[in-house]
Structures are given as structure tokens and as C-alpha cells.
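Trainee: Quick one: sequence plus predicted model below, questions after.
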Amino acid sequence: MQNTSNVFSMEKKKRISTKTLVKISILAVLAYVLMLLELPIPIFPTFLKIDLSDVPALVGGFALGPVAGVFIQLIKVLLHFITNSSTGGVGSLANFIVGSAYVVPASIIYHRKKDKVHALLGVIAGTISMCIVGVIANIYILIPFYSNFMPIEAIVNMGTVVNRNIVDVRTLVLYGVTPFNLVKGIVIGLVTMLIYKKVSPIIKNN
């Protein structure tokens, strides 16, 4: 009898795990599609375009946990890299780094107590985290890596065109990338909080 119970428990865990993977995959594909629908914002350098691809990842992080959110981000950028490698993978890498920096703290805080207050606190923490990680990643990893495809001077000039205070990499990150991430974090958070209660029952349904 005990063995039968153990087998049933193992099968149930396996079934739950499989369902979770399916949910992650569906959300990742949706995130990938949204990643293709990017829009430029005139006040920011042209290489910075906003999209809503972090919304499915944040929804998944809220519903299934931060690890699920990271996996959604990972699958999304892998699909994007396979189908669009015009930036040598830099754009996909940047999206994964800053997106994960957003989703992880937001999901962790929300899972401490699943209410609107902690959702809001999570979004605020995620936005701050994304901005900080974005500064570090762009200065030391992303822009230096992208300079293999385009001279740093040309990259900086894309920022100078919209803001004359941008004269080098650090001012590009300070006056271009960071405000952009702040705006994006707010937009992603607002959209997620507006739709989460409507879509979460579907995701959580076993």
C-alpha cells in the first residue's frame, strides 16, 4: 500500500513538473513574440527600444516563482538570438541580464506575501535592480562587446544626437540607458499589475 502511495506521489510530482514546463514554454514564446514588437522612444538613443517581453516573464515569476521567470527570459532570448543575430547576440544578452535583474527580486518579494502591496514593492525593487545591473552590465560587458561590431564613438554619437550631455560611455549609460530602464521598469510593472489577477488563475490551474 505504501509503495502504491509513493508511486502515485512520484507520478503526481512528475505531472506537475511537466505542466509547469509547458506553462514556462508558452509564456516564453509569448515573450519572444512581444520582443519582436519593439518601439523606439524619440528621447532615447535609437538602439534603445521598448517592448513588453518582460511582462510574461514577470507574470510567470509571480505565479510560478523567480526560477520560472528566469527560464522564461532565457528561452525568450535564445529564440530571439536564433532568429535575429544582427547585433551578434548583444541585444539578446542585454535583454536577459536586465530582464532577469528585474524579474528575480520582484518575484521574490511578491512570494513573501501575495498581495498588491508586495507586488508594488516587488516592481519598485525590480526596477531599481534593473537600473543598477544595467549600469554595470553596459559599462563593463555590453557596450565593450558591442564595440566589436560598431566603434564606440558611433555608439556614443547615437546618444549625443538626442542628448548633448552624452559625450562618452559613462554619460551614455547615465543619461541614456538608465532613464530608459527606469521607464521600461515602470511600464512593465504597471502592465503586469493590471493583467495579473486576470491571467494568474489560468497559469496556476493544475
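Mentor: Looks like it arrived, so ask away.
Trainee: Report the separation between the residue nearest the centre of the chain and residue 44.
Mentor: The centroid of the chain falls nearest to residue 99 when counting by CA atoms, centre = their mean (2.4 Å). Between residue 99 and residue 44 the computed distance is 17 Å (CB to CB, to the nearest Å). To be clear about C-beta, it is placed using only N, CA and C from the backbone, and glycine gets the same treatment.
Trainee: leaving aside the residues next to it on the chain, what's closest to residue 182?
Mentor: Nearest residue to residue 182, sequence neighbours excluded (CB to CB, 6 or more residues apart in numbering): residue 131, at 5.7 Å.
Trainee: what's in contact with stretch 136-154?
Mentor: Stretch 136-154 has contacts (CB atoms under 8 Å, 6 or more residues apart in numbering) with 87-88, 90, 93-94, 97-98, 155, 169-170, 172-173, 177.
Trainee: Could I get the buried residue list for it?
Mentor: Going by neighbour count (16 or more other CB atoms under 10 Å), the buried part of stretch 136-154 is 137-139, 142-143, 145-146.
Trainee: Out of those residues, which is nearest to residue 119?
Mentor: Nearest to residue 119 out of the buried residues of stretch 136-154 is residue 137 (CB to CB; 25.6 Å).
Trainee: now the helices for the protein?
Mentor: 2-36, 54-64, 66-83, 90-112, 116-137, 143-146, 152-160, 169-172, 178-204 (DSSP state H).
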